Every structure is written in structure tokens, then in C-alpha cells.
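J.: 3D, please:
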Amino acid sequence: MRVIGGKYKGKRFAPPKNFPSRTTTDFAKEALFNILINRFDFEDLEILDLFAGTGNISLEFLSRDAKQVTSVDSHVVSIKFLSKMKDDLNDSNWSVIKKDAFEFLKTTNQKYDLIFADPPFDLKGVNQVPELVFSRSLLNENGLLIVEHGRENKFENITQFTEMRNYGGVQFSFFEV
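T.: Okay, the predicted model is just below:
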């Protein structure tokens, strides 16, 4: 896993063998950040990374000096890996939380400027992510929710849906307040 931009550009992290999650490809990640870099000043953003896995996306936001990044995952292997990277980087703008992403969305009172969710593609209930985010008003004004998903998921019927981008086998659906 390689950081593609910002102050940590080129830094590599090696998740343990048999890691329980899939990492967003560099191709998809670069395309996503090309969209975001033209839309936001990362230094002002409070970001939530749900189903954080390897922390691949969290690292990209941190590398671009995001104000605060909160990475949430429920898997112990992911949390250990995220915590080790956080310690290695000594980045005070990063919080790592071990919790089920759906439970986190149901209980948090924090609002975010950007929420990125990359659930396992075969996870049941993925469509609940936008519903929870918007029913609980977890985005600040002009906030953005991005859900990474496979082709089998469709979000076009959700009111806040604005667009979907396709990068190989990866889709990003965008939702706005």
C-alpha cells in the first residue's frame, strides 16, 4: 500500500498477510483524490473514514493535512494495523476507533465535512450507510458522503445522491447535503 500524494507521498505500508479487507486501488484512489482536490481545502476538513480497513484512504487525507481524520473499523487486525501506523506517523490529527461502523453512525454526535465509507462489497445493509448519515444529520453544511462499492449496489434512488463514478470494478457514489 502506497500513499499517492501529499506530505507522506511515496510512503509504503505493508498490511499483514491475510489482512481482512480489500485496499482501494491506486488507480481508483488517484481518480477520487483528483476530484476532491479540486473541490476542497483539506486543511479545513473533519473526515470520517468508515470501514477503514488498511487506512489507505485515511492516510491520503492525513497526507494532505486534513484537520481531523477519524478511522472506524470493527476488525481487531485492522485496528492493530491502523494503531501501529498512527504511532509510526505520530500524526495528532488522526483518531482510530474500534467499533462497528453502523453502531458508530447510530451513536455519534459528531458532524463531519466528508464521510468516506468503503464497506466490504458483499456486506448486507450497505444501503443503510447513506440513510443513517442523512437521518442523523452527520454531515456539516456542504458536506459530502462517498460510498465505495461494487456494481451490485445502486444508490440512485436516495434523494441526496448526486453522481456515481466507475473505475474498473470500483464505483464511488457521491451524496450531498
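
J.: look at residue 29 and report its pLDDT.
T.: pLDDT for residue 29: 92.

J.: is it fair to say it lies in a strand?
T.: No. Per DSSP: H, G, I helix; E, B strand; the rest coil, residue 29 lies outside any strand segment and is helix.

J.: OK, contacts around it?
T.: If a contact means CB atoms under 8 Å, 6 or more residues apart in numbering, then residue 29 has 4, 56, 57, 60 as its contacts. Backbone N, C-alpha and C define where each C-beta goes, glycine included.

J.: from those, which land in strands?
T.: Counting by DSSP state E, no part of the contacts of residue 29 is found in strands.

J.: now for those residues: which two are most distant?
T.: Using CB to CB, the pair of the contacts of residue 29 lying farthest apart is 4 and 57, separated by 10.9 Å.

J.: who has more neighbours out of the two?
T.: Shown here are residue 4 and residue 57; by other CB atoms under 10 Å, residue 57 has more neighbours (26 against 17).

J.: what packs against whichever strand in the chain runs longest?
T.: Ranked by residue count, the top strand of the chain under DSSP E comes out as strand 139-149. On a contact count with 3 or more CB pairs under 8 Å, 6 or more residues apart in numbering; DSSP states H and E, strand 139-149 meets strand 112-117, helix 128-135, strand 170-176.

J.: try 6 Å
T.: In terms of contacts (3 or more CB pairs under 6 Å, 6 or more residues apart in numbering; DSSP states H and E), strand 139-149 is packed against strand 112-117, strand 170-176.

J.: identify all contacting residues around that strand.
T.: 111, 113-118, 129, 133, 171-177 (CB atoms under 6 Å, 6 or more residues apart in numbering).

J.: now which of those residues would you call buried?
T.: Taking 16 or more other CB atoms under 10 Å as the criterion, what is buried in the contacts of strand 139-149 is 113-118, 129, 133, 171-175.

J.: returning to that earlier point: now tabulate the helices and strands packed on strand 139-149 in TSV and tack on distance to residue 48 and mean pLDDT.
T.: Formatted as TSV, the helices and strands packed on strand 139-149 follow (distance: least, CB to CB, whole Å; pLDDT from 0 to 100):
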stretch	distance to residue 48	mean pLDDT
strand 112-117	5	98
strand 170-176	13	95
